[in-house]
Structure formats: C-alpha cells, structure tokens
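In: I'd like to go over a predicted model; first the sequence, then the structure.
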Amino acid sequence: MEISSMVALVLMVSFTVRWAVSLNSYSGAGKPPMYGDYEAQRHWQEITFNLPIDEWYFNTSNNDLEYWGLDYPPFTAYHSLLCAYVAELIDPEWIALFTSQGYESDKHKLFMRSTVVVADITVYVPAILYYVHLCEGPWATKVSFLLCALLYPGLILIDHGHFQYNCISLGLILWGVLGLLNDRVFLGSVAFCMALNYKQMELYHAPPFFCYLLGSCLRNLKNGGLKQLLKITLVVLISFACCWLPFLTSFQQCLQVIRRIFPVDRGLFEDKVGNVWCSLSVILKVKEILSQQTQIWLSFAATLLTILPTCVKLTIDPTIKGFKFSLINCSLAFFLFSFQVHEKSILLAAIPVLLILHELPFMATWFLLVSTFSMLPLLLKDGLLLPYICTSLAFLLVTTYLLSAFVKVSVEDLQLQRWSTYIPQLPRVAKSAFRVSVIAMATLSLISVALNPPSRLPHLFSVLVSLFSCIHFLMFLMYFNILHLWEPVVQRQLWKVK
Amino acid sequence: MKRPQGGDWIIHLFFAWLEYYLSYYAQFFDKEMLVVQNLNYTSDATVLFQRLSVIVTDMVFIIGVVACCQNIKRTKESKEILEKPDFILAVLLLCNFGILIVDHIHFQYNGFLFGMLFLSIVKMFKGRPVDSALIFTILMNFKHIFIYVAPAYGIYLLRSYCIAENKPDGSVQWRSFNFLRFNVLAFIVCAVFAVSFGPFIVMGQLSQVLARLFPFQRGLSHAYWAPNFWAQYNGADKVLSIIGVKLQLLAPANISNASMTGGLVQKYRHAVLPSVSPLATLVCTLLSITPALCNIWLKPRGPRGFLQCLILCALGSFMFGWHVHEKAILISILPLSLFAVENRNDAGTYLILATTGHLSLFPLIFTVPELPIKLCLMLFFTVYSFSALHALFRNEGTLLNWSECIYLSGLIPLEVICEIIYPHTRWHERFPFVPLMFLSVYCSLGITYAWIKLYISVLREPTLVKKLKVI
C-alpha cells in the first residue's frame, strides 16, 4: 500500500477519534453559575468582540474579571476575537454582551467544537506530520509513530473533551522545535514567541529554547555566533512587540496584562494536582506552615535547582537530542515544583515526550499513560469517563503492537547501558513495574468511578491519583535527566559560515 | 437510537428470545428501560447497555470473519502483512462502513447475524452442508430478511448434496438422489421453525406474527427509497408526471398529493407508470434470480458457485423486492468481499457496489454532529478498499475502467450538494426529500451496473467438472 494512503487513513482515524470525543460533555456543562472552561472561552469571545481592546484586561462595569476574566496573553484574546467574528455570522446571540452568559445549545456546542478541530487541523496536526516526516526510519515505523502520536489521549481529552485550545500553543511549540531542527532559527524563535504569547505556561519550555540557542551561538562565536545571538534577540523582541502592540500604548495596560497572566496571589496549588507540593501537603500542610512569600521563593528555588543541570548541559552541548530531553526535563520540573500548577500543565511535558516516542517507546508510552491518568479526577468531573477508557486502551494497544513498546525494554533500548551494572535484570524489573503500574491505574480508575470515598476523606481518590502520578513523574524526571546528562558531548560546528 | 417513522417495530422471532435474554442484564443498568409503557425511554445507562450489547454480540461477527479469513484461497503470498489477502479481507469486513454505521450508530445487531452467515458459508466450503443449513435456518429465524438468499441454499443443497453423483458430462443423475440426506435437511428446517414459531402457534398468534413479519401495507418503497430498480421506476414516474403536468397532458389533481418522498411509510399509487403490487415484485424477484439458480443447477461449481448464487439472490431480491430497506445491500456487499480479495474482476465489481451501497446508507445518520464521523468513516473505508485492492492486484492491471471511475467520482459532488449545499437553499423547505431522491437514483445506477456485471461474469464461468476441492 502506498504511504500517502496509509497517512490519509491515519489522519482519518485520528480525526474520527477527536470528533467522537467532542460529542461528549464539556467542562462545566449545565453547571451554573460559573460553568467551566467552555463558558470561559465563550465569554472571552463575548468580551473581545463587544469591548474595546483597552478594556479587555480591566475590571469595568462591562467586564467583571471575577467571572472568567481574561488570564491568558494577548494571542488568546485575538484568537477569541476571530472566533467571535465567525460566531456573529452564525448567531449573534452566542456572544451578545451580558445576555449570552451561560449560553448553551447543541448548535453552539457544534460551533465551539469545530473551532477546536479547526485549530487542531491547522496548527498541531501539520506540525506532528512534518516532524514524523523528518524522522529517520522505514516508512512503516514512521506511519505507526504518526498514528500513536496523533492518538495520545491526554491532548484529545482535554482539547476536544474538557474544552481548551492547547493544540494551538503546543502546535506552535512544535513548529518552534521544527524550526530549530531545520536550522531555521529565526522562524523557530518566532513560533516560540507566538506560543508563549498564546499561553504563558509555555514559559516552561523557555529555558531549553534559550539554552539551546545560547549554546549554539557560543559554540560558533568565531563564526558570527554573537551576531546570531543579537539577531535572535531582536527577532524575539519584535515578535513580542507585534503581539503586544495594542497594549504598549500605556504602562498601565502592560502591567495589568502581566498581573492577569501571572496571578501570584493565588497560592502554591489549587485542586489536587500530581506535583510535589500537593503530594507533600498530604503529610505536611505546606500552605499553612509557610507564608505566601516563602512559598514563592521555595518553589522558585526548587524549580531552578531542578532545571539547572539539564540547562547547563544543553548550553555546553547543544544537540537536538539534548534539546528534546531538555524540553521534557524542564517542563516536568516546572510541573512538579512550580507555583500554581494545574493538572492540565502535564501536557507541556507530554508533547516533548511524544517527540521521542519512536526512540524510547517503552518509557514514553508509560509516561504518556500516566500523564493521562493523572488528569482522571478532572475528566470524571467533566463526564469523560468513557472516552478516557476508550482512548487510553486504544493508545496502549497501538503503541504495544505497532511500536513494540512492551518488547523494546532491553538495556540498549532504554539507553541505560552505563547503569546496567547497578540495576541487575533491568528489563525484567522495568516490565514488571510497568505491569504493576498499569494494573494500579486501572484499579484506581475503577475505584474512583464505582465506589464512594469515605465521608472523613472525601478527596481520597483524587489524592491517591495525584500521589501515584507524582511518584511516577519524579521517576521519569530522574530517568530523562540521567539520559540527558550522561549523553556524550559532541564537539562539532552547528552551522556553516554563510 | 433511531426510530423509523410510523412507530411500530418489526420483531423477529429468535431475536425476541435474544432481547428477552438481554433484558436480564439490562436491569442492572437501568430498570426503567424494561417498563413496557416506557416507549422511547432513553437514559445514559440505557444507551450504554444497548451499545455494549451490540459490541458483545459482535464477538460472533469476529468469529465469522476469522473463519472466512482462514478459508480464503492463498494464491498471493506476500511478505508484507498489509498486502496479504486475509488481512485485507479482515479489514474490509471488520471495518465495513455499513456495519459500523448501521450497528453502532443507527443501532441494530447485524454484526452478530452476519457472523452466523459467514459461519454458514464457511461450513459449506468445508464440505459440511448439514451444519451450514442448520446455521442458516437459525439465522433466518433471527431475521427473515435472509430469506432473500434461501433459494441459493435450497437449490445448491438439492443439486450438490441430495443428488450425490453426476453423470460423466456433469448433468444430473436422478438415480443418485439421496432421500436420507434430503430428509435430514427437511427435518432440520422444520425443527428449527417449530422451535421458533411453536410457542406462537400454540398460543394461536401465528397470523399476528406473520402480519408483523411481513408488513405489506407499508408500501413499495421505504420513506427513503432503497437504491434499487423501484427507485429508478419511482424516479421515472415522478419525472414523467412533472413533464405531463407541464405539457398539460395530466391534470394536477390526478397526481396523488401524498408524495412518496414525503417521509411517510404508506401505500403509494404511481401517477404515470402502472402501480406495482407485492405480487408483481415477487414475480420480478423470482425472474431476476432464476438465471443464477439455473446456473448452479446446470453447471455446479461447488461452494464457490453457491456463494456467487447467494450474492446474486441477495442482489436480485434487493433490486426487485417489496419495501426493501437500504440496509439490505449489506447482504450482498459483505459476502462479495470474499471474492474481492481473490480475483481482479470481482474486486472491481466490489469497489463499485461497496462504494455506492455505502453512500446510499448516508441518510440513516442525519444529525449534523454525526456528519463528520460518517464522512470520515466512509472516506476511511473507501480509501482503504481502493488502495488495498489496487496493491493486491497491482500486477494484473487496473480494477476500474474510465467510465466507472467517472461515475464513482460523481458521488463526491452529489454528496456535497445533497448534504451540505442543498439544506441551505430555498428549496429545502418545500422539497426536503429531493436530495434523498437524487442520491437514491444515482446510487441505484451503480448498484444495477455492479449486479449486471457480476451476473455476466458468473454466467460466463465454466463448469467445474472435476472433484471439488476444499478451499
């Protein structure tokens, strides 16, 4: 069979899965007064369409910031405005100021779901497609890789189920990575800036980008590395300026936007999330013991310490492989130790892991399954149990059969040749641990659905899920850091003299 | 779950027992669904249970498909799994667009029934005609639509099983008529029907059961015309009546107001062409399948000939039957898949039949949220069937000629106009069923063409005089 037919089939399957998931419920469906993320996105369309740009981020009589005020950077606002223009053509009632609050209808749901699908098809899917195209290997492996990557349950469930537009920011990050892969440094930087200006959480990916570019420039100091660095800086500044142009009119505007997108007064964590602070608070009530300031400094210090090794290694040895590992390490470190982390932020670590799915199928599959599982309480709240079960099982099946995830567990496959003497029988241990982990995830999922928690511990199951996830993420953090830090340093020029 | 307009559902006999059995499990999901007065009751638990029951009964379908794949001719050995005939057959059957749409979205239990049909066919190929007959009789008591293919079973078993030997030139040797074998078959058929109808005969409800099974008051065509000969007949009648009214040859008052395309299930009188009665359709059907039956009687070719006859009977009954549902096309498409992976000509015929047959199923799924899914699944299946079969017969030339390709390409604009453009035009309010009519007539052309092509290729096949080997 021809490659083009296979690719077309894979794309159709992934589109069908996405649309099938989108037929399910969304965040906050039928739950007044606040509803959920779906209503937040609709509200932003309402705000951006009806109000002048200088009122978008301010608390005014027309714009109550308590009710889903804009808390993403300007690109999200522009995207909401674009969607609002389309919404206005179909039914102005959807975005009418004040009267459209809490608007829910089948037609509106169809429209909103379509906007996510369009965003996915235009930004994220082409990036994955191009990335797989650039990978090396027989075409059968590449098509399998494409299918597995596009069937990653976490992103599908959050974007097309819960309702968000992570595909845009994550897609743009992928374009950034692709830019760097192809030595198109300026395009890569612009893509990264756009991603950052869409969702401020993309700062998790900023250190690797910065260190890689810095490292490449430093390595080529004799060949105009410094000039390159300055050019990149200029490109970044111009991109930011273009994006923030309407808000650069006054200092107040800039400050307000920054205040909205970095809400430092919201606390170390909200809800149950699989990071260290939430897990720690099971034994030690961190939020109560330490003051707000101390919490901020503690999380800052912990995050910095954790990302330092990988960033330093990347600056010294800027390779693409190291860059991918660094993306994983930094985003995972931020997830585990940073401030005000939401469970959905695990996607920022999951997407870089997708990039190495074909190189390390076993560990990557395991991580991706755990990342989906870590969002279980959120998915249950949204009524997405059935899509969660189906997509997770499908993902496990395709990775096991097509990428031989459960077979490639040898020491060489895990790239742990140096450490094989310390851990005897590594493949067997790894396989057993994986089996136990999957069984535990299935059991916890079943318990969370079938049983009621004891009245004294109403959040027992979500806490168990987040503890379980946290332990796994710490293990993966260690693993990917080891892989990156012990990668042999390659002395070579990164780009030719022009 | 979609309900037919008209309200009442036909109940099939063994199906009644299956539903009874399922109801024991249903009570654990939602007791309310079992209350008789709760017509049109729906809840999430109900839907979940119903959908799971289809998936569980699909195990029979999977078993049937596995049996088929193990029994097909392996003339083409390929190292690549994607190009192995049994793999291609498995995908064509398990991912069949028709089954997915009708069973898992529209909601029926066809997978389970087709599994039984495949098992019956495989038993015939393995030289176990009694088992095959038993499974088929049980199948007919589950859904009597399979009566379409009963003549193929009857004639083949009579010719190739009851008549144990042939004369050297291949014709019938009446002296070798084996009464024991005939009696065994007759006993099986009667016993199964007795078990199925027995309780209702004892309760004196047989006439009611038959009236429910064969609702002849429902009209020549379903609310949406199945793409058969009568669709073309109805279409021609409509065109002629419009021309007649325009040329003032007919009075508009004479044209029946209740349009057949009005979405209602009722009897209809044609305006220009003669009206069609159930007896007329029966005669047409019998006439259409007679050449195929004569063919396996006069030139027996073993189980392969039987399967060809089965497909032709299914197609003939589809073309000329009374009140045929468009879903009935699946009875022809699925068995034809077995031939499609064996030889080039049948692969070409299959592509035409499957693509047009599947497109004609589109009106079953009519809500806008389901539109992308049905388009994607259709594209998936069509792209797969075309590319896999082309790859399989790569060395033997193309599967379709230019005119066939042009016809099939015409399906795309037709679907776009009918489903996407027409609903937004001003005619949609006044004539909502016009796109369905066009879709039905256009697809019926392709199905008729495939039927005739298959007929010609079957009638032209030489007799297999030597001993039939197990495939």
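Out: Arrived safely.

In: tell me how many other residues crowd whichever residue of chain B sits closest to chain A.
Out: The nearest approach of chain B to chain A comes at B:S387, 3.7 Å away (C-beta to the nearest C-beta). Yep, even glycine has a C-beta here, placed from its N, CA and C like the rest. Look at B:S387: counted by other C-beta atoms under 10 Å in any protein chain shown, it has 18 neighbours.

In: roughly how far apart are it and B:L399?
Out: Computed with C-beta to C-beta, to the nearest Å, the distance linking B:S387 and B:L399 is 11 Å.

In: again with A:S100
Out: From A:S100 to B:L399 the distance is 54 Å (C-beta to C-beta).

In: CA atoms only: put the lowest-mean-pLDDT helix or strand in chain A into CSV for me.
Out: Across the helices and strands of chain A, mean confidence by mean pLDDT, DSSP states H and E is lowest for helix A:286-289: a mean of 76. C-alpha atoms of helix A:286-289 as CSV (Å, rounded to 0.1, in the frame of the first residue of the first chain):
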residue,chain,number,x,y,z
VAL,A,286,2.8,23.5,53.4
LYS,A,287,0.3,26.1,52.6
GLU,A,288,-0.4,26.7,56.2
ILE,A,289,3.1,26.5,57.6
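
In: contacting residues around A:A40?
Out: Neighbouring residues of A:A40 by C-beta atoms under 8 Å, 6 or more residues apart in numbering or on different chains: A:W68.

In: mind redoing it with 10 Å?
Out: Applying C-beta atoms under 10 Å, 6 or more residues apart in numbering or on different chains to A:A40 gives the contacts A:27-28, A:34, A:67-72, A:80, A:163-164.

In: drop anything exposed from these.
Out: When the contacts of A:A40 are checked for burial by 16 or more other C-beta atoms under 10 Å in any protein chain shown, the buried set is A:27-28, A:68-72, A:80, A:163-164.

In: those into JSON lines, with extra columns for distance to A:L280, pLDDT and secondary structure?
Out: Output for the buried ones among the contacts of A:A40, formatted as JSON lines (distance: C-beta to C-beta, whole Å; pLDDT from 0 to 100; DSSP: H, G, I helix; E, B strand; the rest coil):
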{"residue": "A:S27", "distance to A:L280": "28", "pLDDT": "88", "secondary structure": "coil"}
{"residue": "A:G28", "distance to A:L280": "30", "pLDDT": "86", "secondary structure": "coil"}
{"residue": "A:W68", "distance to A:L280": "30", "pLDDT": "87", "secondary structure": "coil"}
{"residue": "A:G69", "distance to A:L280": "30", "pLDDT": "88", "secondary structure": "coil"}
{"residue": "A:L70", "distance to A:L280": "32", "pLDDT": "89", "secondary structure": "coil"}
{"residue": "A:D71", "distance to A:L280": "26", "pLDDT": "89", "secondary structure": "coil"}
{"residue": "A:Y72", "distance to A:L280": "28", "pLDDT": "92", "secondary structure": "coil"}
{"residue": "A:S80", "distance to A:L280": "36", "pLDDT": "95", "secondary structure": "helix"}
{"residue": "A:F163", "distance to A:L280": "31", "pLDDT": "92", "secondary structure": "helix"}
{"residue": "A:Q164", "distance to A:L280": "27", "pLDDT": "94", "secondary structure": "coil"}
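
In: which one of these is nearest A:S250?
Out: When the buried ones among the contacts of A:A40 are compared for distance to A:S250 (C-beta to C-beta), A:L70 wins out at 17.2 Å.

In: most remote residue from chain A's center?
Out: No residue in chain A sits farther from the centre than A:K222, which is 36.8 Å out by C-alpha atoms, centre = their mean.

In: quick check: the residue of chain A found nearest chain B vs A:F98, distance?
Out: Nearest to chain B, among the residues of chain A, is A:S5, at 3.7 Å (C-beta to the nearest C-beta). As judged by C-beta to C-beta, A:S5 and A:F98 stand 51 Å apart.
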